[in-house]
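[1] Got a predicted model here, sequence first, then my questions.
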Amino acid sequence: MLASVDSGIAQIHQVCREQQHLKLGLVGSAFWGEPQKLFSLFMQAHPTLQIDLKELNPSQQRQQLANSQIDLGICRLQPDEFPEMAHLCLVREPLVLAVASFQALTQRRVIWLREASFLPFISLPLSQSGFARYLSSMMKQAGFSPPVAEIAEPQSQLALVSMGLGVALIPASYATINWPGVSFLKLKDEPTADLFACWQPSHLTPNVRLFLDFALQQNMTAA
């Protein structure tokens, strides 16, 4: 009898802890710029909600969502990715071109993407990143297919850019950080690197809904 009561109390405590938690998996670029502002405002609006943040790439997010290790994934999705997940666009973020500060292109602050076609591009692995494939298709639509060096981490991309080994298309949030030897050019094409929230439809918890409703309200206010 007592064991049964103890078990019931433990289950109640577990439910209460889960009700006060929101477990988020985020790509690294979501920690800066406009995405960071959204998360900061949400935390200020809900100070009693414990939010656990984990930096995860999209593949890791997909796996942990499937295993219910996180409640919500935050990443840059393309329409053909994560078909089993529900998703919501959180931030429409511009893409910028990262170039070495000594490159001649830095004499201009805004260019067309095709004006960089003579330079090699540094990209995330095409086989592992839907976002990288999206950028590749964007360059083809602009009329060119440059040589591409594939690098696993965005920070490594920028390190190679600073050495003049190529240029990179990256979300504008990266430009909010001072990267030595790197300049960021706006693009007249106005391409975007949209940031999405994704979740399992069967795991739409009250706290996930709370965050999604807040993000929708912020988008309406910004508009």
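    Now that the structure is in, tell me what you want to look at. Numbers count the residues shown, from 1 in each chain.
[2] Next up, identify which helix or strand residue 213 is on.
    Using DSSP states H and E, residue 213 falls within helix 206-222.
[3] mind listing what's buried in that helix?
    Along helix 206-222, these residues count as buried under the neighbour rule (16 or more other CB atoms under 10 Å): 207-208, 211-212, 215, 218. Every residue, glycine included, has its C-beta placed from N, CA and C.
[4] Now tell me which of those the prediction trusts least.
    Checked by pLDDT, the buried residues of helix 206-222 have residue 218 as the lowest-scoring entry (82).
[5] Quick check: the gap between it and residue 97.
    Here residue 218 is placed at a distance of 28 Å from residue 97 (CB to CB, to the nearest Å).
[6] Check residue 205 too.
    As defined by CB to CB, residue 205 lies at a distance of 39 Å from residue 97.
[7] So between those two, which is more surrounded?
    Neighbours around residue 205 and residue 97, counted as other CB atoms under 10 Å, are more numerous at residue 97. The numbers are 23 against 18.
[8] helices or strands up against the strand or helix carrying that one?
    Residue 97 is part of strand 95-100 when elements are defined by DSSP H and E. For strand 95-100, the packing partners by 3 or more CB pairs under 8 Å, 6 or more residues apart in numbering; DSSP states H and E come out as helix 154-162, strand 168-171, strand 182-187.
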